[in-house]
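Visitor: Predicted model follows, preceded by the sequence.
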Amino acid sequence: MNKRPLSIFVSHPSHLLTDSQPHGDGLIANSLIRRLADRGHSLHVAVSLSALTEPMPDNVKLYPIVTTTKHTKDQQGLAYRAEYALRVRRLFGQIKRATHIDIVHQLNPIVSGLSIFFYRSGTPLLMGPFWPVWPQARHRETTKDKSIEALRRLALRYRFFPADGILSPTRASTMMLSPTLQTSNRVFPFQLGIDTDLFSPADTLVSSKTTILYLANIQRRKGVFVLLEAFERIAGQFPEANLVFAGEGYQFEELKMRVSQSPFRTQIEVPGNVPRSDVPQTLRRCSVYCLPSLGEPYGMSALEAMSCGKPLIVTRAGGLGHLVPDEGSLKVTPNNVEELAAALVTLLEEDGLRKTMGLFNRSYVEQFHKWDRVMENLESIYHVLIERKTACNREVAALDRLNLI
């Protein structure tokens, strides 16, 4: 297959494109864009918000989309999304008139309605990685306007209608698609990559304590209070163990207050946000990484912990149940304090099991999540979609010449 350099239009990298902020979608988008550029592709990227500490390569051009509707990295209303979609489609038309575009990639398809503006554009549209929103994670804006709600539901229903391809990072995300899509040739399995040099195991023991680390947004839906209660049940048995809640979020102050009232508060730390540059070392210092989410779309921090050679405790809900291998983790039922406490006891008691799991996780990441392998897969998907679209366009043109359409 011809792997020539491509010209790629990224219609939506993330609500916040970043290389430094605690925003999972934005960090993933930044990594993908930079890796594509490193492999010689040219990228035109529509950007809503950005927070970049390092400049993009010369073959990446960012186009800030300025809207009259206010928005933040966490809140995007229907009016903003509609205006953003219109402006992006207009930008795409301007760029396409000036230069050839091989493929449109909508990295984050959660923006319902954006994809419809690329219907019959003549350029293949790839959407994803697709992050489904589990019921426990829903916090979208509501409105009493029935017409607006009807438009929202319509956009969600036909979100993938114009897509020539959809990237699905786990079996869980595939199962959230319609039955028709699940069995179509439009869905492509796609593992995300990780910098295994940056996220690497510690050379030597970095802490004499047995540390359980939670490193993610401090939100109830991610199981922070379930973890706190589970740790309190077993902390008396393990006075040398400590629990660290690293991150910030909606329930940060509530968690701090709850910890201050705990009888085991001297064994619990709530340090707040960890700068992105400090994340690898923070992971290396822990003994166990725990993310007991009630419904995690993927779990990039779990993948980073695996790359650092750590054993994991996660739930079977959402993407975590598929992303994290059984050999490198203990999996528990969401919102089950008893199961989580028992899993903590198992890993706190068994040093050998922690080591074996950590070694397996590191090997697993090196085998399936190295960037070279990931990017080769993505390039192959691009070329498959381009070839399909080219064949389709030729067929349409031929039928048009015969006046059959």
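Guide: Good, I have the coordinates.

Visitor: How far off centre is stretch 215-225?
Guide: Stretch 215-225 has its C-alpha centroid displaced from the chain centroid by 16 Å (CA atoms, centre = their mean, to the nearest Å).

Visitor: now stretch 52-66
Guide: 20 Å.

Visitor: buried residues in it?
Guide: Neighbour-count burial for stretch 52-66 flags 56, 60, 62-63, 65 (criterion: 16 or more other CB atoms under 10 Å). All C-beta spots, glycine's among them, are computed from the backbone N, C-alpha and C.

Visitor: which stretches of the stretch 101-250 of the chain form helices?
Guide: 146-157, 171-175, 179-182, 224-234 (DSSP state H, counting those that start in this stretch).

Visitor: contacts for the second one?
Guide: It stands for helix 171-175. Residues outside helix 171-175 that contact it (CB atoms under 8 Å, 6 or more residues apart in numbering) are 129-132, 168, 182, 187, 189, 297-298, 318-319, 321-322.

Visitor: neighbours around Pro179, how many?
Guide: Close neighbours of Pro179, defined as other CB atoms under 10 Å, add up to 8.

Visitor: And for Asn335?
Guide: 15.

Visitor: Isn't it up against Leu294?
Guide: Yes - with contact defined as CB atoms under 8 Å, Asn335 reaches Leu294; the gap is 6.0 Å.

Visitor: Low-confidence regions, this protein specifically.
Guide: 1-2, 71-76, 109-112, 133-157, 204-208, 393, 395-405 (pLDDT under 70).

Visitor: Domain-wise, how is it divided?
Guide: 7-193+371-401, 210-368 (automatic domain parsing).

Visitor: Quick one: closest of those to Ser200.
Guide: Evaluated over these, closeness to Ser200 peaks at domain 210-368, with 6.5 Å, by CB to CB.

Visitor: what about the closest one, start to end distance?
Guide: 29 Å (CA to CA, to the nearest Å).

Visitor: Stretch 313-320 now?
Guide: OK, stretch 313-320 end separation, CA to CA: 10 Å.

Visitor: Over to stretch 47-56?
Guide: First-to-last distance for stretch 47-56 - CA to CA - comes to 13 Å.

Visitor: what sits up against that stretch?
Guide: Against stretch 47-56 from outside (CB under 8 Å, 6+ apart): 12-13, 15-21, 26, 30, 33-34, 37, 45, 62-65, 67, 71-73, 84.

Visitor: hmm, back to that, among the buried residues of stretch 52-66, name the ones in strands.
Guide: 60, 62-63 (DSSP state E).

Visitor: could I get those as CSV with distance to Leu215?
Guide: CSV is the format used below for these (distance: CB to CB, whole Å):
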residue, distance to Leu215
Val60, 29
Leu62, 29
Tyr63, 33
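
Visitor: nearest to Gly272, of those?
Guide: Leu62 (30.1 Å).

Visitor: Tell me how many other residues surround Leu385.
Guide: Using other CB under 10 Å, Leu385 has 23 neighbouring residues.

Visitor: So which of the contacts of helix 171-175 belong to strands?
Guide: Short answer: those in strands (DSSP E) are 168, 187, 189.

Visitor: Right, I'll call it a day here.
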